[in-house]
Structure formats: structure tokens, C-alpha cells
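Asker: Here's my sequence, what's the structure:
(2 chains)
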Amino acid sequence: MRNTLAVFKKEYKTYFNTPIAYIIITVFLLITNWLFYKGFFLINQATMRSFFGSMPWIFLFFVPAITMRLWAEEKRSGAIELIMTLPLKDIEVILGKYLASLVFLIITILLTLSIPITLSYMGEPDNGPIIGGYLGIIFLGSAYLAIGAFISSLTKNQIIAFILSIAVCFGLFIVGENIVLMNVPYFIAPFLEYMGLGSHFASISRGVIDTRDIIYYLSIVVFFIYLNIRSVESRKWR
Amino acid sequence: MIELTNVTKRFGTTTAVDNISFSVNKGEVVGFLGPNGAGKSTTMRVITCYLPQDEGEVTVSGYNVFENSLQIRKKIGYLPESTPLYLDMEVTEFLKYIAEIRGIPSDVKKKNLNKMVEVCGLTKVIGKDIGELSKGFKQRVGLAQAMIHDPELLVLDEPTIGLDPNQIVEIRELIKQLGEEKTIILSTHILPEVTATCSRVIIINEGKIAAQGTPDELTSQAKGEFIIFALIRGNPDDVKSRISEMDNVLESRLIAGKGDSLNSYRLKSKKDVSEDLFHLVSSNGWSLAELRKETLSLEDVFTKITTQ
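Answerer: This next block holds a predicted model:
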């Protein structure tokens, strides 16, 4: 536990010691705020539905940008030889890195609180859906992060990690969308719909926190962290 | 302390380490010598649990690298060849991180940190990011992280590579000092380094151990014969025939005449016959102007062994 914390602190600091954090946060805030306010005055309602609805797509690009360096950088710089010969268990390193990226994402998300605050001055927004929406995107984000972290552990090249993460997250998302469901055999459709990241997001974005959705997201996180452990362990396989 | 038994490691079709066995005892400073690509780094990576071997067993202090990897890693301080460090961390920040992971208690942490800074000469670079440092200083930071937890065993892969001559001398002195209390295994292809710091040498070539022993043992092993040069004033034919009649002399040669009866001779013998030669010269009334033993340096041993 103490080691996980040490790794977490170091990884977290790395985000802020380098331009990474600042650029990601700035561009993220610019894009989300712009997209939201663009349509806000037209709709003329104090609601954040469009904000939350667009998140799965925005995360698709930003989350891989956060996770791409997690493992790929270690492998590329050779620092992996250092970290793997320290008395650290694989799980401690993996969790430490994952948690650092999660906390970073949460901070980035919290910085968008300027939107609901502004809304509360301009009108009377319904707080339930807003809180639910924020919870929902945190869960969604944590799932994307787990996928991104795993993929980063597969390659030395950050760009490959980035693009592959986008592809897998997109794949997992689109598999539950109508466009795919329309074209698959009838009996597979419900299964695929459950697998898709999007379907679980719909209820949460309306402010309804369904335990089924929470279990789904946590399962994704656990599954990909498990894969991450296997991938890091694989160097020890004979 | 370290035991390798029949260890083999392959990378695809290349066999980097081929059925090697050796041991390092507590308190020894062992030098791992070999040309590039001989398998030195690979062997070290197997010992430090970074790479798994394909065949054979490796134990450190009785712990097996597969089953007790964590315990082994706690006991070892490792400086990899590429000196991997986190370039965006500041020097003391990095060392503190390593200290924390090494489980050094907080009251001891500061003390150890300061000691490392002093011992490795890092006072000048405190406050700088590791990425800004020169190769020599990066190497020193690497050494500091390997020693900060006062490990029993130090594994150093080419510790003086890339350093300037002054730094090399300093690091060697440091290694010698540390060698008095700790067990050290270091690899290098700089031969004088080995004679300067190591109590035992293992020469590895193409994945196999070519020779083992103390530096002295190796130089006389490869010799198998002693060579003496002598400058003798006396009748060349007499001198030559008397010398070849001497006990233990394998062959003798007249090299070059310096004019009149002063000539140089080269003797190859099974044992050190320099004193016998002196007696021979004086009992025959000749005079000895120069007597020199040719010593085979470790370089010669190395070249001989690795180019066979």
C-alpha cells in the first residue's frame, strides 16, 4: 500500500512537472466549454445534457492522451529496467500509475464545474442530473483509463498506444450503438448492447444512477487492470 | 552469495548466455570481463530478476530468482548499463522516491540521502532535473540510487563508462572502498579497471565462461611460461649454448647485437630462472647489463582468450 502510494505520488507529479498536464487541461476546457456554450443559448435551458452527452466522444481523444505515456515512456527510456528491479510488486506499480491518471482526470473534470456554477446564476438547473452526470463521466473516464493504461503497456511507442487506445475505446463504444446493432443477428444484439460503453452511459447522464451501470464500469476497470498485470508479468514468462 | 548453475538465456535464435555456472562469495569484488555482446549485461539482468533465464538456476543469498524475486530485489543495488533514470525528476526528488520504495525509514532517509550526495559527488547538481545532467553526473545519480539503501550486494553494469578520467578514478576508489564491506559484481571491458578493483575475474566470451581466477592467476595461467630478456657481454656462441643448457629453459634466442660482444637474448622458461641466469653469467665471467622479465598483462590474456 505504501509503495502504491509512492508510485502514485511520483506519477502524479510527473504529469504536472511536464507540460502534459497543462496542455491537456487547457485544451480540454477550451473544447468542452466552447462546445457547450455554442448550443447553450439556442436551447435556452439550464441543462447540461449536451455537455454530458458529448463526453464519451471527447474522452475518446483525451483519455488516451493521458494514458499513452504511462508505460510506453518507461519502456522507451529504459526506466522500466529500473522500476522492475526495485522491490515493487507489479500490482503496486500498475495501481499507482492507474490511480495517478484517474486523479488527474478527476481534477480535469472538476475544473469544468465552472459550467454548472454559471448555470446556477443564469437559471435554475436541476442538480440531480448534474451530479449524476458528473459521476457518470467519472466512471466512463475510469473505464477508458483502464483500457488506455493496458494498451500503453503493450508498446514502446506512445503514438501507437494513443491510436490503439482510441481504436479500442471506440470499438467498445460503437459495439453497443444502433449502427452496429442493426446489422448483427437478432439474438446477439442485446448482448452487444450491454457490452457497449454508451448504453450504460445513457441513464447516468440523465441523473439516474443504476447499480447495473456502476457494476459494468467497475468490471471494465477490473478486467483491463487484470490484463495490464498480465502484460507486465509477461516479461517474466519463460 | 550468488550461485548460477547451468544458466542459459536465448533471445530468439541467439544464445546470449550459454550454460554458464559460477558463484560469487560474500565480500568478494568480482569483475565480469568480456567483449561487447559476450553476455555480461544479460547475466546481470538475470541475477537482478529483470529477465528470466531459459534454463538453469540462479540463487542470491539462497533465494531463487523465480520464487523469491522480491526478497532478492530488496538486497540488491543495481546500476544498469543504460543508466535509466527519470529525466524529468530533480536529483534529490528522485533519490527520495527510490529511498521511499526501498523502505528506508524516514529518520534514516535524510541521513542516507546526504551521505549519497556526498559520496557520489552530487552536491553541485542538487536542484537540477536529471535530464539536464551530463553523462558523468547521470552515472553518479545512478550509483547513488543503487547504494542508497546500503545493500549487501551491488550489481554494477559498466559503472565507469562515459566518465572522464578523473571521475573514473573517483568511482574506482569508491568501489574499492565499498568492496571492503559489500559484495560487488561489476562488468566492464576496461581491463585496468579490473586489476584496480577486483579480487576475482570472470572472463566471458560468446555466452560462455572462458576463464576464471584472480588477476594474478589469470596472467600466469595464460603465460604458462616465463620470458626473460637479458643483455649480456660475452662470447655469443658460448653464452647461447650455456643458456640453452640451463634447467627449465625451453628455448633461447639471440636477438640483436649491440656491437662487439654485448648482445640481447630472449629466454622462454618453465619457471622464473632470472636468478639462475645471474649466477651463470657471473660464474662465467661475463657481465649482465640488463635483466628484464616480460609480464603478460591482463590485456594480453583477454585478447588471447577471446580471439581463440
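Asker: Counting neighbours, what do you get for A:Lys38?
Answerer: The burial count assigned to A:Lys38 is 10, neighbours taken as other Cβ atoms under 10 Å in any protein chain shown. From N, CA and C alone the C-beta is placed, and that goes for glycine too.
Asker: hmm, the helix or strand it falls within touching chain B?
Answerer: Assessed by DSSP states H and E, A:Lys38 sits inside helix A:19-43. No. Helix A:19-43 stays clear of chain B (Cβ under 8 Å from any Cβ of the partner chain), getting no nearer than 9.7 Å.
Asker: If you count neighbours, what's buried in that helix?
Answerer: Buried residues in helix A:19-43, counted by 16 or more other Cβ atoms under 10 Å in any protein chain shown: A:Ile20, A:Ala21, A:Ile24, A:Ile25, A:Phe28, A:Thr32, A:Asn33, A:Phe36, A:Phe40.
Asker: Write out the residues of chain B neighbouring chain A.
Answerer: B:45, B:48-54, B:66, B:70, B:73-74, B:76, B:78, B:80, B:82, B:84-89, B:93, B:97-98, B:100-103, B:145.
Asker: Give me the buried subset of the residues you listed.
Answerer: Burial by neighbour count, 16+ other Cβ under 10 Å: within these this picks out B:45, B:48-53, B:73-74, B:76, B:78, B:80, B:84-89, B:93, B:97-98, B:100-102, B:145.
Asker: what's the helix holding A:Lys38 in contact with?
Answerer: A:14-16, A:48, A:50-51, A:54, A:58, A:62, A:65-66, A:69, A:104, A:107-108, A:111-112, A:114-115 (Cβ atoms under 8 Å, 6 or more residues apart in numbering or on different chains).
Asker: just checking, B:Asn64 touches B:Gln53?
Answerer: No. Counting by Cβ atoms under 8 Å, B:Asn64 stays clear of B:Gln53, with 11.1 Å between them.
Asker: re the thing from before, tell me which of the buried residues of helix A:19-43 is nearest to B:Gly12?
Answerer: Distance to B:Gly12 across the buried residues of helix A:19-43 (Cβ to Cβ) is lowest for A:Ile20, with 35.3 Å.
Asker: Could you measure from A:Gly148 over to A:Cys169?
Answerer: Applying Cβ to Cβ, to the nearest Å, the value for A:Gly148 to A:Cys169 is 7 Å.
Asker: Comparing the two, which residue is more hemmed in?
Answerer: More neighbours surround A:Gly148 than the other of A:Gly148 and A:Cys169, with 29 against 24 (other Cβ under 10 Å).
Asker: buried set for the lowest-mean-pLDDT helix or strand in chain A?
Answerer: Within chain A, no helix or strand scores below helix A:197-205, which has a mean of 77 by mean pLDDT, DSSP states H and E. Buried residues in helix A:197-205, defined by neighbour count with 16+ other Cβ under 10 Å: A:Leu197, A:Gly198, A:Ser199, A:His200, A:Phe201, A:Ile204, A:Ser205.
Asker: Kindly report the same for stretch B:189-208.
Answerer: Buried, per 16+ other Cβ under 10 Å, within stretch B:189-208: B:189, B:191, B:193-198, B:200-205, B:207.
Asker: In strands only, show me these.
Answerer: Using DSSP state E, the members of the buried residues of stretch B:189-208 that fall in strands are B:Arg200, B:Val201, B:Ile202, B:Ile203, B:Ile204, B:Asn205.
Asker: What's the separation between the first one and chain A?
Answerer: Just to be clear, that refers to B:Arg200. 24 Å (Cβ to the nearest Cβ, to the nearest Å).
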